[in-house]
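> Could you work out the structure for the sequence below:
(one chain, ligands or ions: 1)
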Amino acid sequence: MEHILQQYQTVAQAKVTNWFNVGNVNNFPENGGACIKYKSKQIAVYNFTRKSQWYACQNLCPHKMEMVLSRGMIGDASGIPKVACPLHKKTFSLENGGNLNGEDYKIATYPVKIENENVYIGFTD
Ligand code: FES
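Have a look, this model is predicted:
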């Protein structure tokens, strides 16, 4: 299982070498998540219209290694955009992937950009 987790590494915007087009903005639900596939990775993409922001992170919840985060509830924790896993409600920052319950779990986050109504996620591979 560890090798599945290890393929998810946070990508800083300045390090992006490949902006991958994942579809039109209208294909993504407002204030919810969707899952896309990039190579062997599953990436959760959130159209957070309440904050007028888009976020992307690994779909894999590191708690029980379930591919579920795209189905999580998004919200705000004192100004930090967050996603709560639908299974046991562990909560992660969508800005830096840190766990907001004070636990040792962390998720990888990816930059998102919108151009001409298309959604792009940044990767380094
Ligand atoms: S599997 Fe996500 S919180 Fe348990």
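
> what about the lowest-mean-pLDDT helix or strand in the chain and the ligand, touching?
Sorting the helices and strands of the chain by mean pLDDT, DSSP states H and E puts helix 2-6 at the bottom, at a mean of 85. No: for helix 2-6 and the ligand, the contact criterion (Cβ under 6 Å from any ligand atom) is not met; the two come no nearer than 12.5 Å. For the C-beta atoms, the positions are set from N, CA and C on the backbone; glycine is no exception.

> Provide the contact partners of that helix at residue level.
60, 62, 65 (Cβ atoms under 8 Å, 6 or more residues apart in numbering).

> Need the buried ones from these selected in PyMOL.
One line in PyMOL is enough to select the buried members of those, burial here meaning 16 or more other Cβ atoms under 10 Å:
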select buried, resi 60+62
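
> Save the contacts of helix 2-6 as JSON lines, and put in pLDDT and secondary structure too.
Below are the contacts of helix 2-6 laid out as JSON lines (pLDDT from 0 to 100; DSSP: H, G, I helix; E, B strand; the rest coil):
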{"residue": "60", "pLDDT": "98", "secondary structure": "strand"}
{"residue": "62", "pLDDT": "96", "secondary structure": "coil"}
{"residue": "65", "pLDDT": "96", "secondary structure": "coil"}
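
> Low-confidence regions, this structure specifically.
Across the chain, residues meeting the criterion (pLDDT under 70) sit at 1.

> circling back: let's have the contacts of helix 2-6 in JSON lines, adding distance to residue 108.
As requested, the contacts of helix 2-6 are arranged in JSON lines below (distance: Cβ to Cβ, whole Å):
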{"residue": "60", "distance to residue 108": "9"}
{"residue": "62", "distance to residue 108": "10"}
{"residue": "65", "distance to residue 108": "14"}
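
> between the contacts of helix 2-6, which is closest to residue 77?
In terms of Cβ to Cβ, no member of the contacts of helix 2-6 lies closer to residue 77 than residue 62, at 18.2 Å.

> The nearest residue to residue 41 once chain neighbours are set aside: neighbour count?
Spatial nearest neighbour of residue 41, excluding adjacent residues (Cβ to Cβ, 6 or more residues apart in numbering): residue 7 at 6.0 Å. By the other Cβ atoms under 10 Å criterion, the neighbourhood of residue 7 contains 13 residues.
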